[in-house]
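Undergrad: here is a sequence with its predicted model. Questions after.
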Amino acid sequence: MRGDANELGAGNTSRVADVRLDSVTSADWAQVVGAEKNPWGTLGEELEWGDKDQHVTIRDEHGQVRGMAGSLIARVRVRGGGHEPIDVLGVGGVFVRASDRGQGLAGELLERLLEAGRERGPHWAMLFCDEPLTALYGKHGFVRIEAPVWAEQKDGPVEMPMAAMYLPLASGLSWPPGQVDVLGHPF
């Protein structure tokens with residue numbers, strides 16, 4: 001396993017390791033997803049996704065993955081108003097093991113991923129999620145992008161069927177209005 005590990009409290013009596021990884025193995029995914037069918041929802045299963053280049057995990061006292069999240073630096077263009085393309089921290093692959101949901105682990109993962117993302121330079125974070133998860137991400141400051149969002153797929157750009165959300169990583173920023181084009185695969 002490549003990365004940095006730090007011990008943290010999990011909000012309960014057990015200790016967990018916060019591990020930053022450059023890549024995630026299929027064994028890591030198997031630990032967190034388990035036997036769940038369509039873990040990303042049916043809409044997400046149909047799409048091609050960009051590879052994340054930084055991940056954080058939360059592991060139990062036995063080293064088993066309880067949850068993970070990934071990010072990459074992506075380029076997006078907001079049409080209208082003459083805006084230049086901007087870099088965003090593309091957040092994706094946020095997943096908590098079914099038996100560990102409802103304990104605030106998704107928030108811990110997001111916090112650590114966004115902290116690492118701020119060090120990487122973008123002024124914005126952006127993610128895609130199924131509609132029922134917009135409330136969860138909203139609790140962590142993400143705001144829905146109301147304009148259409150398009151991203152690359154193997155047969156050309158498609159309008160994303162999932163909700164798109166953004167979060168300013170610095171104060172005083174306003175997301176520009178207009179259609180958003182992800183200049184690559186969604187994340």
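TA: Yes, it's here. Residues are numbered from 1 along each chain as shown.

Undergrad: only C-alpha atoms from now on, for both contacts and neighbour counts.
TA: OK.

Undergrad: so which elements touch the top strand by length along the chain?
TA: When every strand of the chain is counted residue by residue (DSSP state E), the longest turns out to be strand 65-78. Using 3 or more C-alpha pairs under 8 Å, 6 or more residues apart in numbering; DSSP states H and E as the contact definition, the elements that strand 65-78 packs against are helix 26-33, strand 54-59, strand 86-96, helix 105-120, strand 180-182.

Undergrad: where does the chain have low pLDDT?
TA: In the predicted model of the chain, residues 1-23, 40 satisfy pLDDT under 70.

Undergrad: hmm, back to that, direction included, what does the longest strand of the chain pair against?
TA: With DSSP bridges as the criterion, the sheet partners recorded for strand 65-78 are strand 54-59 (antiparallel), strand 86-96 (antiparallel), strand 180-182 (antiparallel).

Undergrad: in the longest one, what's buried?
TA: Meaning strand 86-96. The neighbour-count criterion (16 or more other C-alpha atoms under 10 Å) identifies Asp87, Val88, Leu89, Gly90, Val91, Gly92, Gly93, Val94, Phe95, Val96 as the buried residues of strand 86-96.

Undergrad: contacts for that strand, please.
TA: Contact with strand 86-96 is made by 32-33, 52, 66-77, 105-106, 109-110, 117, 122-128, 187, as judged by C-alpha atoms under 8 Å, 6 or more residues apart in numbering.
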